[in-house]
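Trainee: Next comes the sequence, and after it the predicted model I'd like to discuss.
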There are 2 protein chains.
Amino acid sequence: MELRHLRYFVEIAEQGHYGKAAKTLYVSQPTLSQQIQSLENEIGVELFLRSKRQIARKVELTEAGEEFLISAKKILDLSQKAIEQARKTGLHKQVLRFGAYKLALRERIVETIKLLTIHFPDVDIKLVELPTSADIQTALMDETIDLGLIVPPVKHNDLSSKMIKKGHLCVILPQNHFLANVDVVPLIALKEEKWVELNAQIHPFFDEIEQACRQAGFSRKNHIVQEVSSLELLASLVNVGIGIAFVSSLYDLSRETNIVVKPIIQSENDPLSIIEINNALAYKTGKNTPLIQALIGFLQN
Amino acid sequence: MELRHLRYFVEIAEQGHYGKAAKTLYVSQPTLSQQIQSLENEIGVELFLRSKRQIARKVELTEAGEEFLISAKKILDLSQKAIEQARKTGLHKQVLRFGAYKLALRERIVETIKLLTIHFPDVDIKLVELPTSADIQTALMDETIDLGLIVPPVKHNDLSSKMIKKGHLCVILPQNHFLANVDVVPLIALKEEKWVELNAQIHPFFDEIEQACRQAGFSRKNHIVQEVSSLELLASLVNVGIGIAFVSSLYDLSRETNIVVKPIIQSENDPLSIIEINNALAYKTGKNTPLIQALIGFLQN
DNA sequence: AATGTCCAATACTTATTTTGTATCATTGTG
DNA sequence: CACAATGATACAAAATAAGTATTGGACATT
């Protein structure tokens, strides 16, 4: 018997329905059928009524099942408590310096980071803000920070990283732009555009953009008409028609009006050839403590 | 986290030694290293001290580990109790008719069956004794018994079986027999011997023996000088030199003196060509209830 | 200091277990 | 009686755990 069996059993018992339980547990329905069977076989007792008639349209517990449900919940609860207790003791006042590049703070990742402080209340998480993803990596190498949010790829051999959020390159256009109504924008279609760009000092993926354009067969040199220092300004200038701009799908632009955001594709013929701009967590390879692993594991969900 | 992690953790903590814990858990040492690491990573806390110096020659728990140990034991204990409780309720006064062939009661399996009554005290286990393995199979088909101990193979399509004990064909010889000092006896070497044999009415694997001899190129017809009705008599007659006899390695002959037991091999050249005489549990295929599965699972250990 | 022993960690492969996909069988409903 | 709902099965795929061989670090001994 494993805790998995108990988790599945409790969910099915509470929902009274294999299919619904499967949904909330993010597994398939046959999985539950099988796991419950193996649990029943280990105990030697049927936990759910398998009688032919199912008038109530839901699975009912046997007498033994009712009892087992109470125990199972208690065990699962204790397991959770045991983990939390160990964390409390082991992480007490441990400091974790978490680095994020400036623009990350405009991304949806922020809420996730907030969750960290709730689930690991005994870790003293110090948020360190640095201009770019590259600066984060340098800081990790210097051990100025312990864990950092970056845009892959990593640029040092000694850094390990784990992707936590997938995103892709997008372009923002004024609403009256001739491409404003297409589904996706092939990169080459933007060959002749004028560009507004974030200041290179804070741009998390400037190099990736330039490389993609080169690959598509053009360069934006002399087409960048203005550099700005914030996403808001960027959106405003696009809005009034000064130029268009590249952004990541991970940015939260929901508050910017009168602009449209369109995904970029590398090849005109392949609608799946998006250009990935991801978020990853990085740490110095030698320093992958349980705490760091646990945080990464947590943030991946 | 799964209960497996807790089982491993508790065992290592109590033994203070990965290698020793691996032995009692019947897994390899690296397995424990890995599972403990994954547990630590999930919790985010080191449970064992990994300090450089290990003066005490044993692994020590961290403070968090000490606490976790207490919780882990409690959880494992509750899990066991939960199973027992469910069994108590679900199996209350359930009757299981367990069939065993006569000679099985002279085999080591008996002790194992006794364990059943201890671990499943609320099941009313009725022991049914029948002459041979074939009779057990008939009784299973008739549903006169629910579960039976047999010597494979099964002889009906509707019977399922699960091996629970491996054994092999042996010969018992008087101590002064010319083969009494070899390691293994090739079957063909017994071509000219005189035989004492169990009464065909109670012999669990007479057919298997005859077939093996035929395969080796001889027949015992006219060489069987005496039939007896018990293992004790069989051993006695061998002892005084009336003849030799085939037995299974599963028989408990520890109380018989002045005889030697030697494994038989089918081919002179291959010391691994033993002739299997196993024990299996069988049940009617349509009737594999959780109880039967649980009993089989239990007896396999 | 050099050498040997003990013990957990690592790298890599294999085996087992769990999960998913497709399909079925049964039951209750319109 | 056809149809929808729901859990069970069979089989393929993926994920996870376990095994084998080896390493590296800490002590002990010479």
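Mentor: Alright, I've got the coordinates. All values reported here derive from a predicted model rather than from experimental measurement.

Trainee: Residue A:186 contacts residue A:271, doesn't it?
Mentor: No - using CB atoms under 8 Å, residue A:186 makes no contact with residue A:271, being 9.4 Å away. (Each C-beta comes from the backbone N, C-alpha and C, glycine too.)

Trainee: Common neighbours of the two, please.
Mentor: residue A:265 (CB atoms under 8 Å, 6 or more residues apart in numbering or on different chains).

Trainee: Give me the more crowded residue out of those two.
Mentor: Under the criterion of other CB atoms under 10 Å in any protein chain shown, the comparison of residue A:186 against residue A:271 puts residue A:186 first, with 19 against 12.

Trainee: Which residues does the more buried one form beta bridges with?
Mentor: residue A:265 (DSSP bridges).

Trainee: how much space is there between it and DNA strand C?
Mentor: 31 Å (CB to the nearest atom of the strand, to the nearest Å).

Trainee: check contacts around that residue.
Mentor: Contact analysis of residue A:186 by CB under 8 Å, 6+ apart lists A:264-268.

Trainee: what's the answer for residue A:44, then?
Mentor: Contacts of residue A:44 by CB under 8 Å, 6+ apart are B:87, B:90-91, B:120, B:290-291, B:293-295.

Trainee: Quote the end-to-end distance of stretch A:7-27.
Mentor: 12 Å (CA to CA, to the nearest Å).

Trainee: can you check stretch A:238-253 too?
Mentor: When the termini of stretch A:238-253 are compared using CA to CA, they are 13 Å apart.

Trainee: Off-centre distance for it?
Mentor: 22 Å (CA atoms, centre = their mean, to the nearest Å).

Trainee: Buried residues, it. List them.
Mentor: Across stretch A:238-253, burial judged by 16 or more other CB atoms under 10 Å in any protein chain shown covers A:238-239, A:242-251, A:253.

Trainee: Run through the stretch 201-301 of chain A and note the low-pLDDT ranges.
Mentor: The model of the stretch 201-301 of chain A has pLDDT under 70 over residues A:301.

Trainee: Just the closest residue of it to DNA strand C, please.
Mentor: residue A:288 (8.8 Å; CB to the nearest atom of the strand).

Trainee: Check whether that residue really touches residue A:161, as I assumed.
Mentor: No - the pair residue A:288 / residue A:161 is not scored as a contact, 11.0 Å apart, by CB under 8 Å.

Trainee: Of the buried residues of stretch A:238-253, which are in range of DNA strand D?
Mentor: Filtering the buried residues of stretch A:238-253 for proximity to DNA strand D by CB under 7 Å from any atom of the strand leaves nothing.

Trainee: that older thread, tell me which of residue A:288 and residue A:161 has more neighbours.
Mentor: residue A:161 (20 against 15).

Trainee: Ramachandran angles for the more buried one?
Mentor: Note on residue A:161: its backbone torsions stand at phi -140, psi 160 [degrees, to the nearest 10].

Trainee: What of residue A:266?
Mentor: phi -70, psi -40.

Trainee: I'd like to know how many residues surround it.
Mentor: For residue A:266, using other CB under 10 Å, the count is 16.
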